[in-house]
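[1] could you work out the structure for the sequence below:
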Amino acid sequence: MRGSTAVLTDSSVRLWDLRYPAERVLLARTRVAYVHLDNLIAFSKRDRDGKVDAYLAAYLPDEVVVLFFLSGELVNAAMFTPVGRFPAAIADALRHIRSDPDRSEVCFHAASPDQLAAMWSTVAAPPLDLGIDVGNLDSAFRTLMEKRWSGVLELISNGLVNYVQVADGRFAGARFADARPGEPPNQTVARLTHGAPEGPRPQLALKPFSPVAMLPAQASPAMVSMFRHYLWDVLDLLEQEVPGESIRRAERAHNKALTGGHEVLRHFGLVRGAELADPIVEPGVLAEAIAAWTREVLGEFEVAHPLSAARIVRDAAREHRYALQAIGFFERLPWRIQW
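    Numbering: from 1, shown residues only. Here you go, the predicted model:
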């Protein structure tokens, strides 16, 4: 199968050639058509052997999609494209992977949480401008030392992606895609940057990034779907109580919550079945946004109809009450929900 010629942003590195460090190969790179993606994700959740910290890299015709796993749970996603690299909603990432299975490849590798955090650092924010020159690596490393810089240095050599941790300008650890047993880190860096003595100089890309303490988790597609159906069920129940007023109340509450900083609500339509893109948001932030909307839409209604708000929430949330309890949703509401 012919590999894609698309290149990583601001470099000459082909996306198809990217190789990330791995502690253990769980699934060697193979064509997506041969892999049952849903089974792989389900196995990671339910089986003790599958509860690993890992990443799944999917090589598509014009991009690379990376899924991040912690203890077997799919927690986040990112995309590397010719026009940039950025976080992605899990649902969108899965849709991209499934879009062209005959021309795409996938691998699944175990990796430590600190490596996953380093990988995430390179998509969470743009690279820093520290004035380093990839054409003069000795000068680049000297610049980092003089600035006493701390962060993650992404070093790509002929497609091999390596993450070097720097603390106060000094080497503090690394994850190499081509580590050799017993080889000191300085020799590995020299080999990656200079290549074989008689061979051509490797194709290099060097970018510094601000570190993140740990890989964040975004709300899963199932959680987003749960809150969408909860919102729609609240509106249906409210319509039964005050026919013709539910949408007006909901829109007012929607706008007020947006004004209050809950931008994630832009991904939630007020009409049942509205198809909007999934948000990239942490579970707690999503729960608070939906709780703020609930407080707004039912707070005024509760004044005129005492005890009705708790009843509507209870009936709308009954099917998902255990999942909602697990993320502390009901504690964010002013009413006591009795089951």
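
[2] any regions of the stretch 1-150 of the chain where pLDDT drops low?
    The stretch 1-150 of the chain contains residues with pLDDT under 70 at 1-3.

[3] now do the strands in it.
    Taking DSSP state E, counting those that start in this stretch to define them, one finds strands in the stretch 1-150 of the chain at 24-31, 54-60, 63-70, 73-81, 84-87, 105-110.

[4] can you put these in TSV and add mean neighbour count and distance to S210?
    Placement of C-beta: from N, CA and C, glycine included. Putting these into TSV (neighbours: other CB atoms under 10 Å; distance: least, CB to CB, whole Å) gives the following:
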stretch	mean neighbour count	distance to S210
strand 24-31	13	28
strand 54-60	24	20
strand 63-70	23	18
strand 73-81	21	16
strand 84-87	15	14
strand 105-110	21	25
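
[5] among those strands, which is nearest R95?
    strand 63-70 (9.7 Å; CB to CB).

[6] and that closest one, which strands flank it?
    strand 54-60 (antiparallel), strand 73-81 (antiparallel) (DSSP bridges).

[7] could you dump those strands to TSV with distance to Q115?
    As requested, the strands paired with strand 63-70 are exported to TSV (distance: least, CB to CB, whole Å):
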stretch	distance to Q115
strand 54-60	8
strand 73-81	14
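
[8] of those strands, which is nearest A33?
    It's strand 54-60; of those, that one is closest to A33 (CB to CB) at 12.1 Å.

[9] so which of the strands paired with strand 63-70 gets nearest P211?
    Comparing the strands paired with strand 63-70 by CB to CB, strand 73-81 comes nearest, at 15.9 Å.

[10] mind saving the C-alpha coords of that closest one as CSV?
    What follows is strand 73-81, C-alpha atoms only, in CSV (Å, rounded to 0.1, in the frame of the first residue of the first chain):
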residue,chain,number,x,y,z
GLU,A,73,-9.9,3.7,29.4
LEU,A,74,-9.9,5.7,26.2
VAL,A,75,-9.5,9.2,27.7
ASN,A,76,-8.4,11.6,24.9
ALA,A,77,-7.5,12.1,21.3
ALA,A,78,-5.3,14.2,19.0
MET,A,79,-4.7,14.8,15.3
PHE,A,80,-1.5,15.6,13.4
THR,A,81,-2.2,17.1,10.0
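
[11] how about residues contacting it?
    Strand 73-81 is contacted from outside by 6, 8-9, 15, 18, 41, 44-45, 62-69, 85-90, 92-94, 96, 119-120, 123, 215-218, 220, using CB atoms under 8 Å, 6 or more residues apart in numbering.

[12] show the buried residues in these.
    If you count burial by 16 or more other CB atoms under 10 Å, the buried members of these come out as 6, 8-9, 15, 18, 41, 44, 63-69, 85, 88-90, 92-94, 96, 119-120, 123, 215, 217-218, 220.

[13] ok, back up a step: with respect to L231, which of the strands paired with strand 63-70 lies nearest?
    strand 73-81 (23.7 Å).

[14] and that closest one, how far from the chain's centre?
    4 Å (CA atoms, centre = their mean, to the nearest Å).

[15] ok, now stretch 206-214?
    15 Å.

[16] distance between the ends of it?
    22 Å (CA to CA, to the nearest Å).

[17] redo the strands of the stretch 1-150 of the chain as TSV? Include distance to D233.
    Output for those, formatted as TSV (distance: least, CB to CB, whole Å):
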stretch	distance to D233
strand 24-31	39
strand 54-60	34
strand 63-70	30
strand 73-81	26
strand 84-87	30
strand 105-110	37
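
[18] tell me the contacts of E154?
    With contact taken as CB under 8 Å, 6+ apart, E154 is in contact with T122, P127, V161, N162, Y163, V164, A205, L206, K207, P208, F209.

[19] name whatever forms a beta bridge with it.
    Beta-bridge partners of E154, as defined by DSSP bridges: Y163, K207.

[20] can you pull the pLDDT of it?
    Reported pLDDT at E154 in the predicted model: 95.

[21] same check on the one 3 residues further on?
    Here, the pLDDT recorded for S157 equals 93.
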